[in-house]
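Trainee: Pasting a predicted model and its sequence here:
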Amino acid sequence: MVALALLAGCGAGPTASGGFVGGDGSLTIVPVEQRQPAPQITGELLDGTAFDSAELAGTVIVYNVWGSWCNPCRKEAPALVGAAEETEGTAVFVGLNTRDPDPAQAEAFVRAFDVPYVNVYDPDGRELLKFGAQLPASAIPSTLVVDAEGRVAARVLGETTQSTLTGLVADVAAGR
């Protein structure tokens with residue numbers, strides 16, 4: 001199991017700021033026997049093509065909820081890029097862009113940080129809300145890890161680090 005020492009904090013606790021709740025970097029790991037199915041995420045990618053998470057069945061998926069307007073999202077972007085590159089072949093990263101009224105803002109963010117993975121444009125949070133009460137991504141940024149069996153395995157509320165993500169992916173891919 002990933003050690004709690006891997007936690008990455010971006011504040012003393014959840015705070016309201018600019019209409020969104022910032023996370024505290026808290027990590028929740030769901031024991032294998034308690035994991036519930038992840039929702040099917042569908043929508044349009046920033047490049048205009050369709051996305052359906054069902055096409056990723058059998059793969060570890062890392063969803064990152066972000067917005068171009070979110071300072072902690074900007075701060076953690078290099079860690080996500082590094083983790084996506086480091087875990088290539090083991091996990092697939094998918095961004096869920098939320099609350100950006102214009103996809104051009106999200107596209108500029110992706111270019112600025114050289115984000116190598118696909119990003120679903122979800123301005124109203126409809127796809128994000130599919131995670132529901134099980135392990136809601138109730139802060140921006142939030143990161144959810146789905147195991148190869150399609151079950152939610154872990155969540156980080158708030159900014160995370162590359163080492164946290166690579167450790168989570170390694171554990172989840174190993175069946176832990």
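Mentor: Okay, I see it.
Trainee: low-confidence ranges in this structure?
Mentor: Scanning the chain for pLDDT under 70 picks out 1-22.
Trainee: quick one, phi psi at the residue most central in space within it?
Mentor: With distances taken as C-alpha atoms, centre = their mean, Asn64 lies nearest the centre of the chain, 1.8 Å away. The phi/psi pair for Asn64 (degrees, to the nearest 10) reads phi -120, psi 120.
Trainee: do Leu144 as well
Mentor: Torsion angles at Leu144 (phi, psi; degrees, to the nearest 10) stand at phi -120, psi 140.
Trainee: My read is that it contacts Arg155, right?
Mentor: Yes - using C-beta atoms under 8 Å, Leu144 is in contact with Arg155, at 5.1 Å. The way it works is simple: take the backbone N, C-alpha and C, and place the C-beta from them, glycine included.
Trainee: Give the residues shared as contacts by the two.
Mentor: Leu135, Ala137 (C-beta atoms under 8 Å, 6 or more residues apart in numbering).
Trainee: From one end of stretch 96-110 to the other, what's the distance?
Mentor: Start-to-end span of stretch 96-110 (C-alpha to C-alpha, to the nearest Å) is 12 Å.
Trainee: Brilliant, that's me finished.
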